[in-house]
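K.L.:
What shape does this take:
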Amino acid sequence: MISVVVPTYNEEQNIERCLASLADQTVPRDTYEIIVVDGDSKDRTRELAEPLADRVFIQTSKRVGGARNDGAMAASGDIIATTDADCILPRDWVERIGKDFAEKDIVQLYGTVYPIEDSFRNRLSLLGANIFSRLGYYTRTIYFTLGCNTAFDREAFIRAGMYRCIDAGDDLEIAQRMRKLGKVRLDPRLKVGFSMRRYQQFGTLKSLWEWFYIVLRGGEANGATYTQREYK
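P.N.:
Modelled structure (predicted):
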């Protein structure tokens with residue numbers, strides 16, 4: 001059993017598309033579960049998610065990392081996969097995660113991303129992110145394990161202490177603890193459609209600077225609602 005955890009907050013515009021892609025996988029639906037952990041949305045997110053997910057509930061821990069932790073603790077699977085509500089998952093996503101864990105001795109798996117909003121600028125931005133991800137992996141310096149496309153051995157994930165409940169950088173920080181328990185693997189074939197809405201609305205350079213600034217502060221946004229930002 002693979003448990004897919006999807007944190008949400010005011011995602012009525014995206015959640016059905018995300019969950020529909022998760023429902024349309026190459027493996028039988030009863031071999032994986034979908035858990036939506038909501039940050040007390042003020043729109044119809046939970047209502048729209050109910051028919052497509054196995055469980056939908058309001059998170060009790062803080063921030064997106066806390067939502068993923070709540071989902072992991074409620075999960076039935078031996079493997080915890082995480083993605084975001086504004087992502088699109090390829091049809092073989094769950095199958096490939098299962099095969100990688102079955103064939104490799106690993107505690108964490110992650111993949112790459114491509115832009116849902118296709119444009120030259122967006123492709124170039126994510127090309128840079130994917131190159132950075134590969135360089136970090138092959139040099140063993142940093143594991144760019146985006147929360148929108150990663151999976152864990154559940155027992156090792158809990159033993160490592162799960163995600164830190166911080167505003168940014170939690171998905172990179174967890175890999176540093178996971179690598180102490182076993183192998184962390186990048187599978188470039190594990191590709192997820194990633195929404196560029198943050199960068200389109202607030203600007204690429206500004207968004208990246210804000211992210212790096214928060215990470216350098218230890219993941220705290222000094223009161224800013226970075227992880228529950230409102231989008232147009």
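K.L.:
how near is the residue lying closest to R55 once chain neighbours are set aside to A160?
P.N.:
Counting by Cβ to Cβ, 6 or more residues apart in numbering, R55 lies nearest to I35, which is 4.8 Å off, once chain neighbours are set aside. Glycine gets a C-beta too; all of them are placed from N, C-alpha and C. I35 sits 20 Å away from A160, going by Cβ to Cβ, to the nearest Å.
K.L.:
More neighbours: these two, which one.
P.N.:
I35 (26 against 21; other Cβ atoms under 10 Å).
K.L.:
Based on its surroundings, how many neighbours for F101?
P.N.:
21.
K.L.:
let me redo that: N10
P.N.:
20.
K.L.:
again, but for P28
P.N.:
8.
K.L.:
can you pull the contacts of it?
P.N.:
Listed by Cβ atoms under 8 Å, 6 or more residues apart in numbering, the contact set of P28 is empty.
K.L.:
Repeat that for the one 4 residues further on.
P.N.:
Contact criterion Cβ under 8 Å, 6+ apart gives M1, I2, S3, V4, Q25, G77, V94 as the residues in contact with Y32.
K.L.:
Now tell me which of the residues you listed the prediction trusts least.
P.N.:
pLDDT is lowest at M1 among the contacts of Y32; the value there is 90.
K.L.:
Tell me the one among the contacts of Y32 nearest to S41.
P.N.:
Checking the contacts of Y32 against S41 with Cβ to Cβ, the nearest one is V4 at 18.7 Å.
K.L.:
Find the helix or strand that V4 is a member of.
P.N.:
strand 2-8 (DSSP states H and E).
K.L.:
Distance from the helix or strand where I80 lies to the middle of the chain?
P.N.:
Using DSSP H and E, I80 falls within strand 79-82. For strand 79-82, the gap between its own C-alpha mean and the chain's C-alpha mean amounts to 9 Å (Cα atoms, centre = their mean, to the nearest Å).
K.L.:
do the same with stretch 79-96
P.N.:
For stretch 79-96, the distance to the chain centre is 8 Å (Cα atoms, centre = their mean).
K.L.:
Show me which residues of that stretch are buried.
P.N.:
79-90, 92-96 (16 or more other Cβ atoms under 10 Å).
K.L.:
Would you mind measuring the gap between the ends of it?
P.N.:
12 Å (Cα to Cα, to the nearest Å).
K.L.:
follow-up on the earlier one: show me what the residue nearest to R55 is bridged to.
P.N.:
Taking DSSP bridges as the rule, I35 bridges to V5, R55.
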